[in-house]
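Novice: structure here, sequence nowhere to be found:
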């Protein structure tokens, strides 16, 4: 097999799940085929962008008919790595950790949280959604034994770096960070930040601005 | 009061919560003051960027001493609109909606989910974290009576646009969208997308790429 390396942008990666969800909806509605043009109508990217993005996944369409939706779904999932479920460790059994553990749809995205850790003695040994909270010290041994590659950080900003250090030392290859903190990570380890509070910050400030504008107060406004 | 309008970039808005979380940690550790330089050391933005961002919030530092941390926290929270709690409606009592309802820290960010709606008759009337699931048709009346400005969309991609239409018709001013779908929204309404699955897509693809590289398979790699 030739070692062709195609460079894929972060923007393409972020558009693929959007296509996927629309395609899955259409698939459930028993639609069989779709053209790039028809798919593009559901977004504001334009059909050339859609075609380029889909090509990256190796999807092949037929002239005048378009893409078979079931094939497209499989191509995108395989490309994203969602066809194989990856086991993940979650660290942090606080409110955020509980919410993440309770979110049942992660398995649709190839993510399976197999164990949860905390350093708070009061939480260790308790059960959350049928998973026992274990002490962080157990992570290295378990990671090696279970071949876990993904670590989810759901601790406070101040505890996050220490948790990541343990994850890296345990052989974790990819860190999904929900802590609102900047993290240092060695080269070769993947770090992806889920910026929930940052997204909320943009919303809150814009809403405040809108409401204050209406009452004619002075306010700095986002662009 | 003069009507000075300062334009604030989305990037600044997204950095402010990061400062806030670090400052709150330091405040808990009883630290009283911090300089831009010291704060910048915790990030990779540089101190000039930090100073500019903080100035936007109206924070005033003292030469050689820096900023009083408690003042900075208040300034940032006020600027983001997190000092006043805003009531929000959540639509979608599925797995994602349940996880969001179970997340107890939203009140730290000025967000209070006061009611949850769904259109599935099997879910209506059930209780999730002590909130009764109501039919979507009740939203317009309740929104007007309770003066609710924020709507959280936690439904499937295909149902999202319809939900947003009802929210807008109900007088909702700001939509926080967790559905993996592109949404059309009238001018004057705020739309902010929380891209959880997109963040996970980037992580999953990079990890898949890393693992396949190691086994020397051919694979398109992210930049």
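Specialist: Sure thing, it's come through. Predicted, not measured: the structure shown is a model, and the values here were computed from it. Residues are numbered from 1 along each chain as shown, chains lettered A, B, ... in the order given.
Novice: list the buried residues for stretch A:184-196?
Specialist: Across stretch A:184-196, burial judged by 16 or more other Cβ atoms under 10 Å in any protein chain shown covers A:190-196. For every residue, glycine as well, the C-beta is placed using N, CA and C.
Novice: among those residues, which are located in helices?
Specialist: Residues of the buried residues of stretch A:184-196 located in helices (DSSP state H): residue A:196.
Novice: contacts with chain B among the buried residues of stretch A:184-196, please.
Specialist: Restricting these to those adjacent to chain B (criterion: Cβ under 8 Å from any Cβ of the partner chain) gives A:190, A:192-196.
Novice: okay, who's weakest in those residues by pLDDT?
Specialist: The member of these with the lowest pLDDT is residue A:195, at 80.
Novice: contacts only, for that one.
Specialist: A:180, B:14, B:199 (Cβ atoms under 8 Å, 6 or more residues apart in numbering or on different chains).
Novice: excluding chain neighbours, what is closest to the last one?
Specialist: Here the nearest residue to residue B:199 in space, its sequence neighbours aside, is residue A:194; by Cβ to Cβ, 6 or more residues apart in numbering or on different chains that works out to 4.6 Å.
Novice: so residue A:10 sits right up against residue B:205, yeah?
Specialist: No. When contacts are counted by Cβ atoms under 8 Å, residue A:10 is not listed as touching residue B:205 (9.6 Å).
Novice: was I right about residue A:168 contacting residue A:189?
Specialist: Yes. In this structure residue A:168 lies within contact range of residue A:189 using Cβ under 8 Å: 5.8 Å.
Novice: so for these two, which residues contact both of them?
Specialist: What both residue A:168 and residue A:189 touch, as defined by Cβ under 8 Å, 6+ apart, is the set residue A:175.
Novice: look at residue A:42 and give its secondary structure.
Specialist: The local conformation at residue A:42, judged by DSSP: H, G, I helix; E, B strand; the rest coil, is coil.
Novice: then residue A:64?
Specialist: Per three-state DSSP, residue A:64 ends up coil.
Novice: still on that earlier bit, only whichever of the contacts of residue A:195 are buried, select them in PyMOL.
Specialist: A single PyMOL command selects the buried members of the contacts of residue A:195 (16+ other Cβ under 10 Å):
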select buried, (chain A and resi 180) or (chain B and resi 14+199)
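Novice: mind listing what the nearest residue to residue A:93 once chain neighbours are set aside touches?
Specialist: Excluding its sequence neighbours, the residue lying closest to residue A:93 (Cβ to Cβ, 6+ apart) is residue A:118, at 4.1 Å. Counting by Cβ under 8 Å, 6+ apart, residue A:118 makes contact with A:91-94, A:97, A:124, A:133-136.
Novice: among these, which lie within helices?
Specialist: Reading helices off the contacts of residue A:118 with DSSP H, I get residue A:97.
Novice: show me which of the contacts of residue A:118 is closest to residue A:215.
Specialist: Using Cβ to Cβ, residue A:94 is the member of the contacts of residue A:118 that lies nearest residue A:215, at 36.9 Å.
Novice: which residues touch that closest one?
Specialist: By Cβ under 8 Å, 6+ apart, the neighbours of residue A:94 are A:118, A:154-156.
Novice: the strands in chain A, which residues?
Specialist: Assigned by DSSP state E, the strands in chain A fall at A:7-8, A:33-34, A:67-68, A:86-91, A:111-118, A:127-128, A:131-135, A:150-153, A:174-177, A:190-193, A:221-222.
Novice: can you list these in a markdown table and add distance to residue B:104?
Specialist: Shown next, in a markdown table, are these (distance: least, Cβ to Cβ, whole Å):
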| stretch | distance to residue B:104 |
| --- | --- |
| strand A:7-8 | 37 |
| strand A:33-34 | 41 |
| strand A:67-68 | 43 |
| strand A:86-91 | 17 |
| strand A:111-118 | 16 |
| strand A:127-128 | 13 |
| strand A:131-135 | 17 |
| strand A:150-153 | 18 |
| strand A:174-177 | 20 |
| strand A:190-193 | 21 |
| strand A:221-222 | 28 |
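Novice: so what pairs up with residue A:88 in the strands?
Specialist: In this entry, residue A:88 is beta-bridged to residue A:113, residue A:150, by DSSP bridges.
Novice: that one and residue A:150 touch, don't they?
Specialist: Yes. Under the criterion of Cβ under 8 Å, residue A:88 makes contact with residue A:150 at 3.8 Å.
Novice: give me the common contacts of the two.
Specialist: A:111, A:176.
Novice: same drill for those two, tell me which one is more crowded.
Specialist: residue A:150 (26 against 22; other Cβ atoms under 10 Å in any protein chain shown).
Novice: where in chain A is pLDDT low?
Specialist: A:1-7, A:216-223 (pLDDT under 70).
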